[in-house]
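In: got a predicted model here, sequence first, then my questions.
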Amino acid sequence: MSNEEVGRRATRARGPRVARGVGVLAATVAAALVPQLTHNQYYLGVAFQAEMLMCLALGLNIVVGYAGMLDLGFAAFFAIGAYTTGILSTKEHWSIVASIAPGVAVAVVCALIIGFPTLRLRSDYLAVVTLGFGEIIQTIAINLNQTGGPTGIYAIPALTIGSVVVASNTGYYYVFLVLVIVFALFSTRLRHSRLGRAWLCIREDEDAAKAMGINTSHYKLYAYMFGAVLGSITGSVYAPALTAISPASFGFSESLLIVMAVAIGGLGSIWGVMFGAAVVEIFPEVFRQFAQARLLVFGVLLVVLMVVRPRGLFPERAFQGVGARIRATLARVKGQPTVPRLDAVASLQPTDES
């Protein structure tokens, strides 16, 4: 093989990576400019709520999208982080940043306690157990005096980063934007790591994964722990953003919203779950003028979406081979012969949906 051919192949390999990098940079810059385009605090409040849901969806995506475990109680880790931060900041006068680590530690311990005996279960049985875990955490929050009982915890101090005090929707918008970027990069690295490959193998066929020597119980527990960490960090930052938290904010309905965000966007797809979270959070607010009718319309659209796009709006590998197809089209326009690449051929194969 000549040096020129090696150079051309290296250039073709770098092309998709450069395109992805440019796309990520453009999306980040566009998101950072949103507060400059509107100074309406209500809009910014909805925007950072959407970013918060993106963070939770990215955490649940590790459990559901990567490892294939249906979790209906993910809001429990969200509550653990929020309540740990609320208790330490109001009663022990810790800073918000300092309280994040204890929240993560408590969430990981709870993930271990619930994970060891239950993650050997599959399908509906695991979903029921995780649902029960979420209800247990909410019940504990309602009945403990330390958590404020049904009224919750209020007067949580503002987030302080160094000498900067975050006390507005604009400030929390940027804080959650940074969290979304960090969580997305972390999820990407996990996806392409040894852990990620083991999770995908378990998701596709757990029995085959066991036959290949993968300790499925341990790897499923790792996924549950990583999801708990992301959920807890999100809760720790969300508590000062609201300045008050109550058990009603961490019930089954919140877990269901997170599951909806992942399912709508596409299981295992980082871009997909973020887009799904934005749809779930922003759509009802856009049609708020229609009162209760907006929920009916939203439900109908969800049913239609699940029928038309059962794998979500942007499923995993949705964009694989796009660059190769574009290059092939341009080559045909120029009258040059083309040799399809393997990833492009794979992306053009018929699927069950087609």
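Out: Sure thing, it's come through.

In: and the strands in the protein, which stretches?
Out: Under the criterion DSSP state E, strands of the chain are mapped to 159-161, 164-166.

In: any chance of the ones you listed in TSV, plus mean neighbour count?
Out: Using the backbone N, CA and C atoms, a C-beta is placed for each residue, glycine as well. Listed next are those as TSV, based on neighbours: other CB atoms under 10 Å:
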stretch	mean neighbour count
strand 159-161	16
strand 164-166	13
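
In: can you list those in TSV and add mean pLDDT?
Out: TSV is the format used below for these (pLDDT from 0 to 100):
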stretch	mean pLDDT
strand 159-161	90
strand 164-166	90
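
In: of those strands, which is nearest residue 236?
Out: strand 159-161 (9.3 Å; CB to CB).

In: what does that closest one rub up against?
Out: Residues outside strand 159-161 that contact it (CB atoms under 8 Å, 6 or more residues apart in numbering): 95-97, 165-166, 171-172, 175, 237, 240-241.

In: from start to finish, how long is stretch 138-148 in a straight line?
Out: 12 Å (CA to CA, to the nearest Å).

In: ok now that stretch, how far from the chain's centre?
Out: Distance of stretch 138-148 from its chain centroid, counting by CA atoms, centre = their mean, to the nearest Å, is 27 Å.

In: begin at 59, not 1, for the rest of this chat.
Out: Got it, the first residue is 59 from now on, which makes the last one we talked about stretch 196-206.

In: buried residues in it?
Out: By neighbour count on 16 or more other CB atoms under 10 Å, the buried set for stretch 196-206 is 196, 198-200, 205-206.

In: reformat those residues as TSV; add pLDDT.
Out: Shown next, in TSV, are the buried residues of stretch 196-206 (pLDDT from 0 to 100):
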residue	pLDDT
196	93
198	93
199	93
200	93
205	90
206	89
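
In: widest-spaced pair of those residues?
Out: The most widely separated members of the buried residues of stretch 196-206 are 196 and 206, with 13.3 Å between them, by CB to CB.

In: residues contacting the residue nearest to the spatial centre of the chain?
Out: Centroid-nearest residue in the chain, with CA atoms, centre = their mean: residue 116, separated by 1.4 Å. Residues counted as contacts of residue 116 (CB under 8 Å, 6+ apart) are 238, 241-242, 245, 288, 328, 331-332.

In: just name the closest of these to residue 174, please.
Out: residue 288 (20.3 Å).

In: contact partners for the spatially closest residue to residue 134 that is not a sequence neighbour?
Out: Excluding its sequence neighbours, the residue lying closest to residue 134 (CB to CB, 6 or more residues apart in numbering) is residue 195, at 3.9 Å. Residue 195 makes contacts with 131, 134, 137-138, 168, 308, as judged by CB under 8 Å, 6+ apart.

In: for the residues you listed, work out which two are farthest apart.
Out: Greatest spacing in the contacts of residue 195, by CB to CB: 168 and 308 (13.3 Å).

In: shared neighbours of these two, anything?
Out: 134, 195.

In: and the two? Which one has more around it.
Out: In this view residue 168 and residue 308 are compared by other CB atoms under 10 Å, and residue 308 has more residues nearby, 25 against 20.

In: the nearest residue to the more buried one once chain neighbours are set aside - how many residues pack around it?
Out: Nearest residue to residue 308 in three dimensions, chain neighbours excluded: residue 137, at 3.6 Å (CB to CB, 6+ apart). Counted with other CB under 10 Å, the neighbours of residue 137 add up to 27.

In: distance of residue 137 from residue 159?
Out: 17 Å (CB to CB, to the nearest Å).

In: residue 234 too?
Out: Going from residue 234 to residue 159 by CB to CB gives 19 Å.

In: the two: which has the busier surroundings?
Out: Set residue 234 next to residue 159 and count neighbours by other CB under 10 Å: residue 234 wins out with 24 against 13.

In: for the more buried one, what are its contacts?
Out: The contact partners of residue 234, taken as CB under 8 Å, 6+ apart, are 106, 109-110, 112-113, 295, 299.

In: where does the stretch 309-412 of the chain dip in pLDDT?
Out: Scanning the stretch 309-412 of the chain with the threshold set as pLDDT under 70 gives 348-353, 375-412.

In: can you pull out the helices in it?
Out: Assignment of helices within the stretch 309-412 of the chain using DSSP state H, counting those that start in this stretch yields the ranges 310-323, 328-344, 351-366, 380-392, 400-405.

In: which helices and strands sit right next to the second one?
Out: Counting contacts by 3 or more CB pairs under 8 Å, 6 or more residues apart in numbering; DSSP states H and E, the secondary-structure elements packed against helix 328-344 are helix 99-119, helix 227-249, helix 310-323, helix 351-366.

In: could I get those as CSV with distance to residue 142?
Out: Shown next, in CSV, are the helices and strands packed on helix 328-344 (distance: least, CB to CB, whole Å):
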stretch, distance to residue 142
helix 99-119, 16
helix 227-249, 17
helix 310-323, 17
helix 351-366, 32
